[in-house]
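Undergrad: Curious how this folds, go ahead:
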Amino acid sequence: MKVLRLVLTSVLVIGFILPGCNLGGSCDCSDVKRYFEVVGLNSELIQANVASVQWQDFQGQMELIATYYGDLNIGNQQNKFYTFSLIPTAAACSCLPDGYDGSEVGIDSLSFITTYDYNANYPAGSDIAEILEISDWENDFRSYQDYRVDNDEFIQSDMHWFRLKQAPDVNNTPLQLTINLILDDGSSFEFMTEGINLTL
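TA: Next comes the predicted model:
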């Protein structure tokens, strides 16, 4: 009896976690587009609805305004994705988001120019990219240098977040950035964020 109970429990657990293809279900992902093309740039300082924020808590968002293209094709198969479960009611499917394969053009240069003095090393008009960490949908925050390497041949995502690694010199330092993005194909985009004060 114990052996039978153990076998049935094992089958049930495996049914919940085993990935595969549920041939009985369907999920039409034929409208999903593989790539995106950058056509604009937008950015916001996430805490800009408040007057000030501690510099360690600051976070900005950079959105690449994109159009999507490239139909999903997997040989002659239907364009569907499945998840599997031995419990049919628990089975579900979901499509990848538009632009899941990124852009086909990489970043040539990306700068974050500060409007005001940030600290002794970065006066007004300086590019503070070197003291930023950047993240996208696929990765955790990483150094600007590593982010540039990851997005050199193609841009991985159309959404990005950035935060500071270095403190300003003065309490209530104003921060406003002009983001300049140039792609490998020569396309260029610029956006100036709203301002916020950073506290120590």
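
Undergrad: lowest average confidence, helix or strand, in the chain?
TA: Least confident helix or strand, the chain: helix 2-17 with a mean of 48, by mean pLDDT, DSSP states H and E.

Undergrad: Show the subsequent helix or strand relative to that helix.
TA: strand 33-45 (DSSP states H and E).

Undergrad: got the contact list for that following strand?
TA: Contacts to strand 33-45, defined as C-beta atoms under 8 Å, 6 or more residues apart in numbering, come from residues 58-72, 98-105, 155, 158, 175, 177, 179, 181, 183, 187, 189-191, 193-196. Every C-beta, even on glycine, is put in place using the N, C-alpha and C of the backbone.

Undergrad: ok, T173 - contacts?
TA: Neighbours of T173 in contact, by C-beta under 8 Å, 6+ apart: W55, Y116, D117, Y118, N119, N197, L198.

Undergrad: mind checking how far D158 is from Y122?
TA: Separation of D158 from Y122 (C-beta to C-beta, to the nearest Å): 28 Å.

Undergrad: quick check: mean pLDDT across stretch 182-190?
TA: For stretch 182-190, mean pLDDT rounds to 96.

Undergrad: That stretch: which residues count as buried?
TA: L183, D184, F189 (16 or more other C-beta atoms under 10 Å).

Undergrad: Mind checking which of the residues you listed land in strands?
TA: L183, F189 (DSSP state E).

Undergrad: nearest to V149, of the buried residues of stretch 182-190?
TA: D184 (14.0 Å; C-beta to C-beta).

Undergrad: re earlier: now render the buried residues of stretch 182-190 as CSV, adding distance to Y147.
TA: Rendered in CSV, the data for those read as follows (distance: C-beta to C-beta, whole Å):
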residue, distance to Y147
L183, 15
D184, 16
F189, 17
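
Undergrad: What does Y144 show for phi and psi?
TA: Main-chain torsions, Y144, degrees, to the nearest 10: phi -60, psi -40.

Undergrad: and if you look at the one 3 residues further on?
TA: Note on Y147: backbone dihedrals following degrees, to the nearest 10 are phi -60, psi -40.

Undergrad: Thought I134 was touching it, still the case?
TA: Yes: shown here, Y147 and I134 form a contact pair, counting by C-beta atoms under 8 Å, at 4.2 Å.

Undergrad: For G125, which residues are in contact?
TA: With C-beta under 8 Å, 6+ apart, G125 has these contacts: I113, T114.

Undergrad: name the element it belongs to?
TA: Judged by DSSP H and E, G125 forms part of no helix or strand.

Undergrad: Distance of it relative to Y118?
TA: In terms of C-beta to C-beta, G125 sits 10 Å off from Y118.
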